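Participant: A predicted structure for the sequence below; I have some questions about it.
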Amino acid sequence: MIMTNSPKSLISRAFAAGIGTLLLAVASASAATVLPVGPISFDSNGEFDSSFWSTDLNSMARRTISGSNGVVWVPRNGGAGAVVFDTSAIGGSNGSGGTSGSNANNDLSDFVIAGDFFVEGRTTSNVAGFFLRLDDSGSGGYLASIELSATGGTFRLYENVGVSSADAPALEKQVFSSTFIAPTATNTFYRFEVSAEGNTFNFSFNDGVATASYTDDSLSRSTGQAGLYLQSSASYTQFDNFEITAIPEPSTVALSVGAMASLLAASRLKRTLGNR
């Protein structure tokens with residue numbers, strides 16, 4: 001006996017194939033680490049104490065700025081604060097940040113990290129930045145930073161830096177800088193965003209008002225932990241809405257496109273058969 005596929009069977013198989021491929025794409029995207037993160041708004045002490053830890057560059061703390069709204073900051077003449085994002089940070093209290101952690105996202109590879117920074121004064125000593133691809137001890141990674149001037153600002157990328165004073169950013173560790181011209185003001189929050197994709201690092205200030213890109217041909221680390229860096233001088237620096245999102249792998253994108261194509265084909269087949 002010759003078996004034939006009924007229209008309903010064809011439609012069911014097409015939908016099943018599309019949904020199966022889509023589920024595989026979702027699983028592939030989330031297998032390495034749990035993203036997205038945030039935005040973390042620091043509206044309670046616990047959001048900082050239980051999510052970030054530091055070593056000796058620990059001038060960063062959480063504070064309330066109005067009502068229940070909070071930020072993390074480094075006060076005037078506070079020096080620098082450097083923290084690793086970790087969902088099991090311990091040892092912190094009253095918004096001081098944790099002193100250790102054991103559940104950091106230590107396999108972050110291709111991702112976008114962003115948030116809103118605020119400087120009381122526009123000087124080279126008021127810095128906001130993100131650590132990228134730190135090792136398990138919070139060192140040996142990259143720092144992508146921004147500082148503002150009266151006419152714009154400067155993006156910088158440092159290599160082989162970390163959250164301890166021994167691994168602090170220094171001129172000899174800088175591998176890239178790019179100065180831009182853009183409207184800036186003191187006492188104003190601006191969006192800062194950095195993406196790390198393979199060996200390419202992309203910078204964005206104020207939702208694309210200024211951008212820059214750098215490709216590191218001698219990439220030192222391709223995966224690792226992420227964190228936050230703030231530096232102040234005679235004026236303070238503060239930060240809000242920390243978040244990390246994944247950049248999908250090309251294979252995951254291909255799976256998603258294939259899944260959508262299968263579902264679209266099944267939908268068209270159903271409509272065609274329904275019109276007969």
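Facilitator: Sure, I can see it.
Participant: buried stuff in stretch 196-209?
Facilitator: For stretch 196-209, the neighbour count (16 or more other CB atoms under 10 Å) marks 196, 201-206 as buried. All C-beta atoms are positioned from the backbone trio N, CA, C, and that covers glycine.
Participant: Return the distance of that stretch from the chain's centre.
Facilitator: How far stretch 196-209 lies from its chain's middle: 11 Å, per CA atoms, centre = their mean, to the nearest Å.
Participant: for stretch 220-231, same thing?
Facilitator: Going by CA atoms, centre = their mean, where stretch 220-231 is centred and where its chain is centred differ by 9 Å.
Participant: okay, how far is it across that stretch, tip to tip?
Facilitator: End-to-end distance of stretch 220-231 (CA to CA, to the nearest Å): 25 Å.
Participant: just stretch 213-228 next, same as before
Facilitator: Span of stretch 213-228 from end to end, CA to CA: 20 Å.
Participant: Turn the buried residues of stretch 196-209 into CSV, including pLDDT.
Facilitator: Converted to CSV, those look like this (pLDDT from 0 to 100):
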residue, pLDDT
196, 98
201, 98
202, 98
203, 98
204, 98
205, 98
206, 98
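Participant: what residue ranges in the stretch 1-150 of the chain score low on pLDDT?
Facilitator: 1-33 (pLDDT under 70).
Participant: how about 90 then?
Facilitator: The model of the stretch 1-150 of the chain has pLDDT under 90 over residues 1-35, 66-68, 87, 102-106.
Participant: swap in the stretch 151-276 of the chain?
Facilitator: 220, 248-276.
Participant: could you redo the last one with a cut-off of 70?
Facilitator: Along the stretch 151-276 of the chain, the parts satisfying pLDDT under 70 run over 249-276.
Participant: do you know how far the spatially most central residue of the chain is from residue 119?
Facilitator: Nearest to the geometric centre of the chain sits residue 113, at 1.8 Å (CA atoms, centre = their mean). Per CB to CB, to the nearest Å, residue 113 is found 19 Å from residue 119.
Participant: same thing with residue 163?
Facilitator: From residue 163 to residue 119 the distance is 21 Å (CB to CB).
Participant: what do you get for residue 55?
Facilitator: Residue 55 is 24 Å from residue 119, by CB to CB.
Participant: Equivalent analysis for residue 135, please.
Facilitator: 30 Å.
Participant: Neighbour count for these two, which is higher?
Facilitator: Set residue 135 next to residue 119 and count neighbours by other CB atoms under 10 Å: residue 119 wins out with 29 against 14.
Participant: who's in contact with the closest residue to that one other than its chain neighbours?
Facilitator: Excluding the flanking residues, the one nearest residue 119 by CB to CB, 6 or more residues apart in numbering is residue 126, at 4.2 Å. Shown in contact with residue 126 (CB atoms under 8 Å, 6 or more residues apart in numbering): 119-120, 147-148, 231-233, 235-237.
Participant: Out of these, give me the one that has the most neighbours.
Facilitator: residue 237 (31 neighbours).
Participant: and the gap between it and residue 97?
Facilitator: 15 Å.
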